[in-house]
Structures are given as structure tokens and as C-alpha cells.
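K.L.:
Sequence isn't available, so here's the structure alone:
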């Protein structure tokens with residue numbers, strides 16, 4: 001579990017460092033290339049790779065946060081063993097680094113655990129399942145964590161746009177996941 005947490009924190013920090021340097025004159029091609037260089041692909045390709053890897057369909061939310069994005073990317077994280085494998089989808093704005101939203105999906109049996117100190121609120125989704133909202137688990141991001149159909153979903157939204165993205169917005173997004 002420590003290795004998983006370390007990998008997640010590393011990815012968040014690396015992503016933040018790379019894209020905090022984005023300049024207003026960064027072209028779409030340069031921006032896209034920078035993400036492709038670290039393993040991201042078109043979302044539909046990443047979803048297909050993940051379905052083949054896990055041998056199971058992955059339903060994604062239909063809704064996204066009410067923030068503008070210029071790009072969306074995905075990748076299958078297929079690390080050593082199965083415990084750290086998962087699908088990552090990222091939505092970004094090339095000129096506004098704070099407009100950053102991520103969806104992580106991994107088998108629930110290998111999901112991220114949350115300690116009580118990191119829980120700000122607990123919600124009940126439409127299907128009766130529980131969702132945990134945390135502003136403390138990941139530096140710079142607010143998270144909504146929930147499980148559906150054997151998957152753990154982690155919705156990550158940059159704290160700098162939290163005025164536009166309430167926990168209730170994330171719950172709406174979670175409710176838009178349907179197998």
C-alpha cells in the first residue's frame with residue numbers, strides 16, 4: 001500500500017511540476033507532445049488497452065466538472081504486478097494549468113485506502129454506495145473516492161478551481177457513471 005501511495009503522490013507531483021510551467025504561448029501540439037512523451041494517449045485508446053488488460057469493461061462518468069479544458073488524455077498504468085495497475089484519464093487546459101481534472105480507475109481490491117483523518121465528508125450516491133470526499137489526501141487536489149462494479153474511482157480536481165467545483169459537483173459526476 002505504501003508503494004501505491006508513493007506512486008500516486010509521485011504522479012501528482014510530477015504532473016503538477018510539468019504543467020505548472022505551462023506558458024500562454026505553449027502550442028497545442030507542444031502541449032500534446034509533452035503528455036504523449038510521458039505515456040498518455042487518446043482517451044479511447046487508453047480505455048481499450050485497459051479493458052483488454054483487466055478483461056473487464058470500465059464505465060466512465062458522462063459528466064465532467066464545469067471548467068474549460070482544451071485537451072483530454074488517458075493511459076493504462078501497467079506497473080510491476082497488478083496492485084498498481086489502473087486507468088488514468090486527464091483533462092487539462094493548455095493555457096490554464098489550474099484547470100486540471102483527473103479520473104483514476106483501478107480494481108477495487110487494490111484501491112486506495114483512506115484514513116479517517118483525510119475524510120472531510122461522506123456522501124451516498126444514487127445507487128446507495130458510499131463516496132468519500134477529501135481535501136487532505138493529495139496536495140493540491142480535492143478527491144472524491146467511490147466504488148462501482150468492482151472498480152475504485154478517484155475523481156481529482158485541482159484545488160485552485162474548487163470555487164467552481166463543489167463536493168456536490170463531484171458527487172453528480174460520480175452518479176453519472178453507469179455500467
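P.N.:
That came in fine, so what should we check first? Keep in mind it's a predicted model, so treat the numbers as computed, not measured. Residues are numbered from 1 along each chain as shown.

K.L.:
Spatially nearest residue to residue 147 (excluding sequence neighbours)?
P.N.:
Among residues not flanking residue 147 along the chain, residue 108 sits closest, at 4.8 Å (Cβ to Cβ, 6 or more residues apart in numbering). All C-beta atoms are positioned from the backbone trio N, CA, C, and that covers glycine.

K.L.:
The one you found: what's it in contact with?
P.N.:
Counting by Cβ atoms under 8 Å, 6 or more residues apart in numbering, residue 108 makes contact with 147, 150-152.

K.L.:
Only the buried subset of those residues, as a ChimeraX command please.
P.N.:
Selection of buried members from these for ChimeraX, criterion 16 or more other Cβ atoms under 10 Å:
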select :151,152
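
K.L.:
which among the contacts of residue 108 gets closest to residue 138?
P.N.:
Of all the contacts of residue 108, residue 152 has the smallest distance to residue 138: 14.6 Å, by Cβ to Cβ.

K.L.:
so which strand or helix has the closest one?
P.N.:
Using DSSP states H and E, residue 152 falls within strand 151-158.

K.L.:
And residue 145, by the same measure?
P.N.:
If you go by DSSP H and E, residue 145 is part of strand 141-148.

K.L.:
What is that strand packed up against?
P.N.:
Applying 3 or more Cβ pairs under 8 Å, 6 or more residues apart in numbering; DSSP states H and E, we find strand 141-148 packed against strand 130-138, strand 151-158, helix 167-175.

K.L.:
From the rest of the structure, what touches the strand holding residue 152?
P.N.:
Strand 151-158 has contacts (Cβ under 8 Å, 6+ apart) with 12, 58-59, 61, 65, 67, 98-108, 110-112, 138, 140-147, 165, 170, 173-174, 177.

K.L.:
same thing with stretch 113-131?
P.N.:
Applying Cβ under 8 Å, 6+ apart, the external contacts of stretch 113-131 come out as 1, 132-137, 144-148, 167, 170-171, 174-175.

K.L.:
Whichever of those residues end up buried, select them in ChimeraX.
P.N.:
A single ChimeraX command suffices to select whichever of those are buried according to 16+ other Cβ under 10 Å:
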select :132,133,134,137,144,145,146,148,167,170,171,174,175
